[in-house]
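Asks: how would this look folded up:
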Amino acid sequence: MGADGVRMPIAHNPLSVSLPVSLLLPPEDDVTSLLPGPNSVSAHLAERLAAVEAVPAALMVVGLLRRDDTWPIAVSTLAAATSVVARSLRGDDWLGRSGPHEFAVLLSGSAEDAEVAATRVAATITGLGISGLAACAGVAALEPGATAAETMRRAVLCLQTARSRGAGEVIRYRGTR
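Replies: Alright, predicted model coming up:
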């Protein structure tokens, strides 16, 4: 009914399309699309930094490596890598995507503990047996007074160095650069 109490007909939309819900959801093997993206990673990282004095934590950024960078990574390959990372986490750890081929993991505990976890994750992904796929990681401790952007920069800098060194490499941030 309109404001004046007169019934108003609803017009038929001849262009409307009815899609099944299954077509609106990602394919079953595309679990990576369900992960929080870079904006959520930054927001969650900022929240964790605010509490870092009470609960020590570290950021681990796991990056996938391929022999041929000119082709996109297959959805099934991303799903396999996502599964490895997700299965490696504890209940209070947090997983998101920081890039198209990178996973950001916030881990409670020391940077040394995160480095051990990153080494295990990188080795497991590399050992999946998917032709040309490997992984490496960068780790940075969450420090009081550091920003989310600075912490991410440190972890990504370490990831870039690890990528330049090759599969299975894990570099932990230890400097002031």
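
Asks: Please count neighbours and contacts with C-alpha atoms only from this point.
Replies: Fine.

Asks: Who are the packing partners of the helix or strand where Met152 lies?
Replies: Element membership of Met152 [criterion: DSSP states H and E] is helix 148-165. Here helix 148-165 touches helix 38-50, strand 57-66, strand 133-141, strand 170-172, going by 3 or more CA pairs under 8 Å, 6 or more residues apart in numbering; DSSP states H and E.

Asks: now these in CSV, with mean pLDDT, distance to Gly96 and mean neighbour count?
Replies: Listed next are the helices and strands packed on helix 148-165 as CSV, based on pLDDT from 0 to 100; distance: least, CA to CA, whole Å; neighbours: other CA atoms under 10 Å:
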stretch, mean pLDDT, distance to Gly96, mean neighbour count
helix 38-50, 93, 6, 18
strand 57-66, 93, 10, 26
strand 133-141, 95, 14, 29
strand 170-172, 97, 19, 25
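
Asks: Okay, now the unreliable bits of this protein?
Replies: Along the chain, segments meeting pLDDT under 70 span 1-33, 68-71, 176-177.

Asks: what about Ala80, which helix or strand?
Replies: Per DSSP H and E, Ala80 falls inside helix 75-87.

Asks: Could you measure from Phe103 over to Leu128?
Replies: 17 Å (CA to CA, to the nearest Å).

Asks: Looking at these two, which is more packed in?
Replies: Phe103 (26 against 14; other CA atoms under 10 Å).

Asks: Please name the residues that touch that one.
Replies: For Phe103, the contact set (CA atoms under 8 Å, 6 or more residues apart in numbering) comprises Val61, Val62, Gly63, Thr82, Leu95, Gly96, Arg97.

Asks: And for the nearest residue to the third one once chain neighbours are set aside, the neighbour number?
Replies: If you skip the residues right next to it in sequence, Gly63 has Glu102 as its closest partner in space, 4.4 Å away by CA to CA, 6 or more residues apart in numbering. Glu102 sits with 23 neighbouring residues when counted by other CA under 10 Å.
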